[in-house]
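Chemist: No letters, just coordinates:
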């Protein structure tokens with residue numbers, strides 16, 4: 001859940017589905033919690049406030065980088081993120097890409113995050 005925060009500016013490499021979706025869930029929960037705290041303190045306006053804004057800005061870059069690495073895991077370039085500018089069709093296609101299983105074994109973006117030591121490749125050689 002917090003791994004993308006440790007890999008804040010790291011756009012190289014690959015991220016598993018679990019890492020991407022757990023960070024998405026974490027960001028959603030943080031957004032709700034900061035909105036509630038803003039409302040309780042009386043700083044919120046129209047469902048958002050300064051705490052929510054700060055949290056959103058703090059999670060913006062790791063959100064992009066984990067999305068880039070998720071696309072790398074399915075052997076797609078980060079340029080595919082531009083699909084977000086195609087209303088509805090682009091969003092659906094990005095969702096399909098994000099829920100897709102990563103390419104097994106190493107690809108052009110790095111080793112398989114499910115098997116970083118490549119033991120699956122060794123098993124294929126000896127079978």
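Modeler: Nice, thanks for sending it over. These numbers come from a predicted model, not from an experiment.
Chemist: who's in contact with residue 61?
Modeler: Contacts here follow C-beta atoms under 8 Å, 6 or more residues apart in numbering; on that basis residue 61 touches 8-9. Where you see a C-beta, it was placed from the backbone N, CA and C, and this is true even at glycine.
Chemist: Was I right to think residue 84 contacts residue 94?
Modeler: Yes. Under the criterion of C-beta atoms under 8 Å, residue 84 makes contact with residue 94 at 6.4 Å.
Chemist: does the residue nearest to residue 50 when sequence neighbours are not counted count as helix, strand or coil?
Modeler: Among residues not flanking residue 50 along the chain, residue 43 sits closest, at 5.6 Å (C-beta to C-beta, 6 or more residues apart in numbering). What DSSP: H, G, I helix; E, B strand; the rest coil gives for residue 43 is coil.
Chemist: Per-residue pLDDT of residue 43, please?
Modeler: On pLDDT, residue 43 comes in at 81.
Chemist: Any regions of this protein where pLDDT drops low?
Modeler: 45-47, 116, 118-127 (pLDDT under 70).
Chemist: let's see it at 80
Modeler: Where the chain drops to pLDDT under 80, the residues are 1-4, 44-48, 115-127.
Chemist: Please enumerate the helices of it.
Modeler: 3-6, 17-41, 50-73, 89-99, 119-126 (DSSP state H).
Chemist: Residue 84 and residue 94: who's more crowded?
Modeler: Neighbour count, other C-beta atoms under 10 Å: between residue 84 and residue 94, residue 94 has more, with 19 against 12.
Chemist: Now the more buried one. Nearest residue, chain neighbours left out?
Modeler: residue 83 (5.0 Å).
Chemist: Residue 100 too?
Modeler: residue 74 (5.2 Å).
Chemist: residues touching the one you found, list them.
Modeler: Applying C-beta under 8 Å, 6+ apart, the residues near residue 74 are 97, 100-103.
Chemist: ok, now with 7 Å
Modeler: 97, 100, 102-103 (C-beta atoms under 7 Å, 6 or more residues apart in numbering).
Chemist: Sweet, I'm off.
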